[in-house]
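Novice: Okay, predicted coordinates and the sequence, questions at the end:
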Amino acid sequence: MPILIEHCDVLNANAPRAMAVDQSILIEGNRIVAIGKAPLNAQHTTLNLQSPALEIIDGRGLLAIPGLISAHTHSPENYMRGATERMPLEPWLVWLYGTCGEYTPRDHYLCAAMSAIEMLLGGCTGSLDHLWHAGPWNRAVLDATMEAYRDSGIRATVAPMYDDHDYVLDAGDALGVDLRGSAYGLAHGGYRPDREAYRAGVLRDTLDLFDAWMEDWHGQADGRLQTFLGPAAGQLVSDNCLHMSLDLARKHGAGMHMHCVETRVQDYSIRRAFGKTIIQRMADLGVLGPDVTLPHSVWIRSAADLDRLAETGAIPVHNPAANLKLGSGLMAMREMLDRGVTVALGVDGACSNDNQDMFDTIRLAALIHNLKHPEASTWISAREAVEAATLGGAAALLMRDQLGRLEAGQLADITLLDVNSPVLSPMNDAWGALAYCETGRSVKHVIVNGQIVVRDGRLTTLDVDAIAQEFRARVERLPFRHPLDAKTQRDIDDCWRFWRLVMERVAQGE
Ligand SMILES: [Zn+2]
């Protein structure tokens, strides 16, 4: 049914206080077909605006903004929110892989559903899920995740993780720390125990599995669902794996999503193995482009590498909460924006954030860079932070021309905020209110792909209470809820030792 939102205010960069007042938005199918000063009339549409077959939303007191997009998360970590602290990424990964157990398809369904529920209720309409699975990939697991996103109503892109060579293990060998028998070495990245077999053919088989899965799911649910390739990280893939991944992504008109120098250990391990940075390596291989998204990108620092991002159109995804929690570092967001690089934002997984709240992520992105730059005029503006979550997110989903702004012809992903809520009163400036004030508490209605998925603060698609109850009950059996076994603890200790050795070396300029 077409939807008419009447007499709302609309986020608009050209309007006073960034708010065009008293507007109406007409949605037909999955697109905005008209938007303008209320009331809309026959000039705007041939649709009968008096028809009973038109759903009217009273927009008075509401601000319409483009639905927010999280361009990086890991839905399986939803089980682990708030479970860790005071660990940098490498020991944290050992804890994660050593204690997560192997999920059933139902676990993946519930984790993705809970991620979608939190996002939608918080005004986030789109998610890019870099999906991991602690075991060999199979269709049941992949399909369960897609089904959760289909059922929830969110716009979702799923990029399953895999790898074929761990250059961090090689760095460990060189430093005299054998991580190969650890939870890290056995499970890392591709979450599979037999690396040699993998190199001998499992990578090809895995990509064949993804090929068939993409054939079935890419563009489903009226274009709301997408499938990307998700090579785990720059330090976990061979050159061959990068080429095969991007080729397969492009075959489906999909993107490639890959962790990129989140930590100094990763940057060190890649430079040690290849004698060049990950960005130089990818540029030399010709595997950077606007269809490549690079979550974290914290240790992209040289002018030459930043220029390479700008020249190729690759999209770094900033995850400020996870980078703070794991102490990874601050992405060079100002230097990227100044070069015209498109930056997207992500919440990251709930084991390193630990929420799935895009307003929280916007707020952090708008604030944390102030610490790095003494010159206040270079700080990230409220508008830049919000637009990274809208226009940046749209670009990350390869929907740059279709999402991220409220205009006729755009896909109808709209969040309507109650401007009379305590957090938004008074609305002095829309950019400032969205970046610094909003917590998600003002979210009233959410529309995704022309469907109302949150109405009056309640999800219309899933039985939230039933899903949450099952989700909480199932987590009890997972290993991380029980005391650490001696081997995992030893593996974590070994990884700390390795981490300190690398940090000593990078401090000396290696
Ligand atoms: Zn991640």
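Specialist: Alright, I've got the coordinates. Residues are numbered from 1 along each chain as shown.
Novice: Could you check which helix or strand contains the residue nearest the centre of the chain?
Specialist: In the chain, the centroid-proximal residue (Cα atoms, centre = their mean) is residue 72; its distance is 1.6 Å. Assigned by DSSP states H and E, residue 72 belongs to strand 68-73.
Novice: Check residue 428 too.
Specialist: Short version, using DSSP H and E: residue 428 is in no helix or strand.
Novice: Tell me who's in contact with it.
Specialist: Neighbouring residues of residue 428 by Cβ atoms under 8 Å, 6 or more residues apart in numbering: residue 17. Just so you know, the C-beta spots here come from the backbone N, C-alpha and C atoms, and that holds for glycine as well.
Novice: For the residue nearest to the centre of the chain, give its distance to residue 349.
Specialist: In this view, residue 72 and residue 349 are 9 Å apart by Cβ to Cβ, to the nearest Å.
Novice: returning to what we had before: strand partners (parallel or antiparallel) of the strand holding residue 72?
Specialist: Using DSSP bridges, strand 68-73 pairs in its sheet with strand 124-131 (parallel).
Novice: before we move on, back to that, I'd like the next helix or strand past the strand holding residue 72.
Specialist: Next along from strand 68-73, by DSSP H and E: helix 89-99.
Novice: contact partners of that next one?
Specialist: 77, 80, 84, 87, 134, 168, 182-184, 186-188, 191, 262-263, 265, 326, 328, 351-352, 478-480, 484, 487-488, 491-492, 495-496, 498-499.
Novice: Average pLDDT for that helix, rounded please.
Specialist: Computed over helix 89-99, the mean pLDDT rounds to 93.
Novice: chain center to that helix: distance?
Specialist: 20 Å (Cα atoms, centre = their mean, to the nearest Å).
Novice: so what secondary structure elements neighbour the helix or strand following it?
Specialist: Per DSSP H and E, the first helix or strand lying C-terminal to helix 89-99 is helix 105-121. Identification of packing neighbours for helix 105-121 by 3 or more Cβ pairs under 8 Å, 6 or more residues apart in numbering; DSSP states H and E yields strand 124-131, helix 139-152, strand 443-448, strand 451-455, strand 458-459, helix 464-475.
Novice: Tell me which of the ones you listed is the most buried.
Specialist: When the helices and strands packed on helix 105-121 are scored by mean count of other Cβ atoms under 10 Å, the highest mean neighbour count falls to strand 124-131 (a mean of 29).
Novice: between that strand and strand 451-455, how many degrees?
Specialist: For strand 124-131 against strand 451-455, the angle by axes from the mean of the first three to the mean of the last three Cα atoms, to 10 degrees is 100 degrees.
Novice: average pLDDT for strand 124-131?
Specialist: For strand 124-131, the per-residue pLDDT averages 98.
Novice: Can I get that strand in CSV, CA atoms only?
Specialist: Extracted in CSV, the C-alpha atoms of strand 124-131 (Å, rounded to 0.1, in the frame of the first residue of the first chain):
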residue,chain,number,x,y,z
CYS,A,124,19.2,1.9,11.5
THR,A,125,17.7,0.5,8.3
GLY,A,126,20.7,-1.1,6.7
SER,A,127,23.4,-3.5,7.8
LEU,A,128,26.5,-5.1,6.3
ASP,A,129,27.1,-8.3,8.2
HIS,A,130,30.6,-9.7,7.9
LEU,A,131,29.4,-13.1,9.0
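Novice: which intervals of this structure have sub-threshold pLDDT?
Specialist: 187-200 (pLDDT under 70).
Novice: So which residues lie in contact with the longest helix along it, not counting its own?
Specialist: Ordering each helix of the chain by length in residues (DSSP state H) puts helix 486-507 first. Contacts to helix 486-507, defined as Cβ under 8 Å, 6+ apart, come from residues 88, 90-91, 93-95, 98-99, 171-172, 175, 177-179, 182-184, 264-265, 267-269, 484.
Novice: mind listing what's buried in that helix?
Specialist: 488, 490, 491, 492, 494, 495, 496, 498, 499, 501, 502, 505 (16 or more other Cβ atoms under 10 Å).
Novice: do stretch 100-111 as well
Specialist: 100, 103, 105, 107, 108, 109, 110, 111.
Novice: Which of the residues you listed sits closest to residue 150?
Specialist: Nearest to residue 150, judged by Cβ to Cβ, of the buried residues of stretch 100-111 is residue 109 at 10.5 Å.
Novice: ok, the closest one - contacts?
Specialist: Going by Cβ under 8 Å, 6+ apart, the list of residues near residue 109 reads 144, 145, 147, 148.
Novice: Could you point out which of the residues you listed is nearest to residue 298?
Specialist: Among these, and counting by Cβ to Cβ, the member closest to residue 298 is residue 145, at 26.9 Å.
Novice: Was I right to think that closest one contacts residue 131?
Specialist: Yes: contact criterion Cβ atoms under 8 Å: residue 145 and residue 131 qualify, at 5.8 Å.
Novice: Can you pull the residues that touch both of those two?
Specialist: In contact with both residue 145 and residue 131: 75, 108, 158, using Cβ under 8 Å, 6+ apart.
Novice: Share the number of residues neighbouring the first one, please.
Specialist: I take that to be residue 75. Counted by other Cβ atoms under 10 Å, the residues lying close to residue 75 total 28.
Novice: Pull the contacting residues for it.
Specialist: 108, 111, 112, 114, 115, 129, 131, 145, 148, 349.
Novice: In space, what's closest to the fifth one - neighbours in sequence excluded?
Specialist: So that's residue 115. residue 75 (4.4 Å; Cβ to Cβ, 6 or more residues apart in numbering).
Novice: quick one, the strand holding residue 72 and helix 105-121 angle?
Specialist: 150 degrees.
Novice: Strand 68-73: how far from the chain's middle?
Specialist: The answer for strand 68-73 is 3 Å, by Cα atoms, centre = their mean.
Novice: Could you do stretch 398-408 as well?
Specialist: The answer for stretch 398-408 is 18 Å, by Cα atoms, centre = their mean.
Novice: measure that stretch end to end?
Specialist: End-to-end distance for stretch 398-408, by Cα to Cα, to the nearest Å: 19 Å.
Novice: which parts of that stretch are buried?
Specialist: Using 16+ other Cβ under 10 Å as the test for burial, stretch 398-408 gives 398, 399, 400, 402, 403, 404, 405, 406.
Novice: check which helix or strand covers the nearest residue to residue 352 once chain neighbours are set aside.
Specialist: Distances taken as Cβ to Cβ, 6+ apart place residue 322 nearest to residue 352, at 3.9 Å, with adjacent residues excluded. Using DSSP H and E, residue 322 sits in helix 320-325.
Novice: I appreciate the help and will end here.
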